[in-house]
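Undergrad: Model the following, please.
(one chain, ligands or ions: 2)
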Amino acid sequence: MQKFDLIVIGSGPAGEKAAVKAAYFGYKVAIIEKEELFGGAGTVTGTLPSKTLKETALYFSDKLEKGLYGIDRTFSHEASMTAFMYRKNLVKDSSSKEIFHNLSRHHVSIFYGVASFENAHSIHVQGKDRVSLFGEFIIIATGSYPYHPANIPFDNKRIHDSDTILQLTRHPSSLCIVGAGVIGCEYATIFATIGTHVYLINDKEKILPHLDEEISNTLVKEMQSSGIDILFNTSIESIDVPPSDQTPIEVHLKNNKSLEVDMFLFAAGRSGNIKQLKLEQVGVKTGKRELIIVDHQYRTNISNIFAVGDVIGFPALASTSMEQGRIVVAHIFQTQDLEHLPTYFPYGIYTIPEVSTIGLTTEEAKEKNILYATGKAYYANMPRGKIMGAKTGMLKLLFHKDTLQILGVHIIGRIATEIIHYGVILVEDKKTLHHVISQVFNCPTLHDLYKYAAYDGLIQTTSKFK
Ligand SMILES: Cc1cc2nc3c(=O)[nH]c(=O)nc-3n(C[C@H](O)[C@H](O)[C@H](O)COP(=O)(O)OP(=O)(O)OC[C@H]3O[C@@H](n4cnc5c(N)ncnc54)[C@H](O)[C@@H]3O)c2cc1C
Ligand SMILES: NC(=O)c1ccc[n+]([C@@H]2O[C@H](COP(=O)([O-])OP(=O)(O)OC[C@H]3O[C@@H](n4cnc5c(N)ncnc54)[C@H](O)[C@@H]3O)[C@@H](O)[C@H]2O)c1
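TA: Ligands and ions are numbered 1, 2, ... in the order given. Reported below is the predicted structural model:
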């Protein structure tokens, strides 16, 4: 039996980063992947494909440039589905290859097949490779899969989950999306941008409740002005799928209303990928939604078995999964370089417009009785915003009213997911409004938003001209 210091199960963001880091530190590492393509939901079925489709929708629709240069193209459904999917496939395939090269460059031994436990140190691989491997330590990084409730007749043709929506062969004229979480909201704006009539169904009265309310309300308005019908406080009762593609699907809602739509996407939640692991052979403890239970070092109840990424649940992001992969290796092999995820990490929501956020929201500050104030700046007022033709968009700084320390940054607008990283430093390093004001930024840039939001914050709290 081949022996390894570390066996990693799964080549998504968590598994890849764990494997290459351990190999970099000189350990003998094996990685096992059951799919043909490396990269999991991060590269193959989730993060990168959906982000590429967003850019593709913007490109074909000219949504951002419409009228800017006196040209007004509209998305043509003759731009075939093949054309719409072209770049997504290219990015997926080349990023997957890049992961393979990264693993190979670090001399990680690669095995293809489904991994399952024989005992706490022995993993069986069943697939292209059929072999049993010994691992001193084992990391489970098997990710998650879309939750399928029993009352939804998924058929991968017209009734989709977030994996199969990537295999569409024709444009939906209308689409009912269930779940206004991150996946639902991102796909709602992508499809609305290419001209699909989108209905977004959410069982709560708010979308994305972890966002600062002013930002989520702005996003709701933006989505509605793009033609998305958001139906709050309701859910699906049943769905009638006719045999013919030409006949609409009837969606019956819990509020007694019905919708007729061309296609349907269920995007409400995910469960841990543990079914094939045979965890019962070793007694690894699991919890709700097939998630593996771990301690603060990502160790399961079995001392040499660890788990990271989506399979342990929150926060379930590609960004944090990669970091967990690196952190768990630090704990296993005592590399002393990382301890835990930072208290605050950014959220990037790639809707149209984008949203990104770090730190405290206004609602959290109120709840914690923090003496806070806010300062805001708008894209449309910034020279760079004018050049780009940004009609909407805002950056909001939330800070302590006495110390002026920045506690949260909330952005909605173009490239919000890029601009946020200065905010990450401000919050992590406990910087004040005065610090922002004392910095020199390139001109013109969207980073000016920070400076003018800081000035606005000062006016709100300290100006004589209130
Ligand atoms: C539509 C969508 C959009 C997203 N967008 C973003 C985003 O913009 N930003 C962000 O940060 N996050 C995003 N996410 C979340 C992100 O993709 C996940 O958090 C991340 O991929 C989790 O990484 P992971 O390594 O834990 O698991 P995964 O990426 O799911 O990888 C797990 C791997 O393990 C393999 N595997 C499973 N079981 C076995 C087994 N028994 N044997 C061998 N191999 C196995 C799988 O085939 C897979 O390759 C998105 C997710 C979705 C679905
Ligand atoms: N940009 C990003 O970072 C990004 C993008 C996509 C996905 N993700 C990750 O993927 C994970 C899964 O995302 P998700 O959007 O599937 O789940 P989610 O749990 O984030 O959101 C699900 C939403 O659907 C609603 N809902 C649940 N059941 C419902 C029902 N039966 N009817 C109507 N509404 C219902 C919930 O109230 C919630 O608002 C998230 O944890 C997220 O971290 C991240």
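
Undergrad: hang on, Leu397 is in a strand, isn't it?
TA: Yes - assignment of Leu397 by DSSP: H, G, I helix; E, B strand; the rest coil places it within a strand.

Undergrad: Bridged to it, which residues?
TA: Gly375, Val409 (DSSP bridges).

Undergrad: What are the buried residues along the helix or strand encompassing His434?
TA: Assigned by DSSP states H and E, His434 belongs to helix 433-437. For helix 433-437, burial by neighbour count (16 or more other C-beta atoms under 10 Å) applies to Leu433, His435, Val436. Using the backbone N, CA and C atoms, a C-beta is placed for each residue, glycine as well.

Undergrad: Nearest to Asp5 among those residues?
TA: Nearest to Asp5 among the buried residues of helix 433-437 is His435, at 44.6 Å by C-beta to C-beta.

Undergrad: In stretch 413-421, which of the residues would be classed as buried?
TA: Neighbour counts using 16+ other C-beta under 10 Å place Gly413, Arg414, Ala416, Thr417, Ile419, Ile420 of stretch 413-421 among the buried residues.

Undergrad: Residues touching that stretch, excluding its own?
TA: 64, 346, 348-350, 353-358, 379, 388, 390, 392-395, 409, 411, 446-447, 449 (C-beta atoms under 8 Å, 6 or more residues apart in numbering).

Undergrad: Could you check how far it is from the centre of its chain?
TA: 14 Å (C-alpha atoms, centre = their mean, to the nearest Å).

Undergrad: cool, and stretch 422-431?
TA: 22 Å.

Undergrad: Restricting to C-alpha, output that stretch in PDB.
TA: Taking Å, rounded to 0.1, in the frame of the first residue of the first chain, the C-alpha atoms of stretch 422-431 are listed here in PDB:
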ATOM      1  CA  TYR A 422      -9.000  48.700   0.900                       C
ATOM      2  CA  GLY A 423     -12.000  48.500   3.200                       C
ATOM      3  CA  VAL A 424     -10.800  45.100   4.500                       C
ATOM      4  CA  ILE A 425      -7.500  46.800   5.600                       C
ATOM      5  CA  LEU A 426      -9.300  49.800   7.100                       C
ATOM      6  CA  VAL A 427     -11.500  47.500   9.300                       C
ATOM      7  CA  GLU A 428      -8.800  44.900  10.100                       C
ATOM      8  CA  ASP A 429      -6.200  47.600  11.100                       C
ATOM      9  CA  LYS A 430      -8.800  49.700  13.000                       C
ATOM     10  CA  LYS A 431      -8.100  52.800  10.800                       C
END
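
Undergrad: separation between the nearest residue to Ala330 once chain neighbours are set aside and Ala23?
TA: Counting by C-beta to C-beta, 6 or more residues apart in numbering, Ala330 lies nearest to Leu338, which is 4.3 Å off, once chain neighbours are set aside. According to C-beta to C-beta, to the nearest Å, Leu338 and Ala23 sit 16 Å apart.

Undergrad: neighbour count winner among the two?
TA: When Leu338 and Ala23 are compared for neighbours, Ala23 comes out ahead with 24 against 15, by other C-beta atoms under 10 Å.

Undergrad: How about the helix or strand containing the more buried one and ligand 2, any contact?
TA: Taking DSSP H and E as the criterion, Ala23 maps to helix 13-24. No - contact of helix 13-24 with ligand 2 (C-beta under 6 Å from any ligand atom) is absent, the minimum separation being 11.7 Å.

Undergrad: Just give me the neighbour total for Gly40.
TA: 31.

Undergrad: surely it meets Asp163?
TA: No - Gly40 lies out of contact with Asp163 (C-beta atoms under 8 Å); the separation is 11.2 Å.

Undergrad: Next to ligand 2, which bits of the chain? Give me the list.
TA: Checking the chain against ligand 2 by C-beta under 6 Å from any ligand atom, the hits are 178-184, 186, 201-204, 235-236, 267-270, 316-317, 348-350.

Undergrad: Can you flag the buried ones in those residues?
TA: When the residues of the chain next to ligand 2 are checked for burial by 16+ other C-beta under 10 Å, the buried set is 178-184, 186, 201-202, 235-236, 267-268, 270, 316-317, 348-350.

Undergrad: So which elements touch the host helix or strand of Ile31?
TA: Taking DSSP H and E as the definition, Ile31 sits inside strand 29-33. Here strand 29-33 is seen to pack against strand 2-9, helix 13-24, strand 109-112, strand 130-140 when contacts are counted using 3 or more C-beta pairs under 8 Å, 6 or more residues apart in numbering; DSSP states H and E.

Undergrad: swap the cut-off to 7 Å and go again
TA: strand 2-9, helix 13-24, strand 109-112 (3 or more C-beta pairs under 7 Å, 6 or more residues apart in numbering; DSSP states H and E).

Undergrad: How many residues are close by Cys176?
TA: Cys176 sits with 26 neighbouring residues when counted by other C-beta under 10 Å.

Undergrad: Report the contact partners of it.
TA: Tyr199, Ile201, Val251, Leu259, Val261, Phe264 (C-beta atoms under 7 Å, 6 or more residues apart in numbering).

Undergrad: Flag every residue of the stretch 301-450 of the chain that's near ligand 1.
TA: Residues of the stretch 301-450 of the chain lying near ligand 1 by C-beta under 6 Å from any ligand atom: Gly309, Asp310, Val311, Ala316, Leu317, Ala318, Ser319, Ser321, Gly348, Tyr350.

Undergrad: Then the stretch 51-200 of the chain?
TA: So far as C-beta under 6 Å from any ligand atom goes, the stretch 51-200 of the chain lies against ligand 1 at Lys51, Val114, Ala115, Ala141, Thr142, Gly143, Ser144, Ser162, Ile183.

Undergrad: State the distance from the second one to Arg130.
TA: This points to Val114. 10 Å.

Undergrad: by how many degrees do the helix ranked longest in the chain and strand 29-33 diverge?
TA: Using DSSP state H, we find that the single longest helix of the chain is helix 81-105. Orientation of helix 81-105 against strand 29-33 (axes from the mean of the first three to the mean of the last three C-alpha atoms, to 10 degrees) gives an angle of 160 degrees.

Undergrad: which strands and helices sit next to helix 81-105?
TA: When contacts are defined as 3+ C-beta pairs under 7 Å, 6+ apart, helix 81-105 sits against helix 13-24, helix 47-61.

Undergrad: Could you count how many residues lie near Asn442?
TA: 8.

Undergrad: That'll do, ta.
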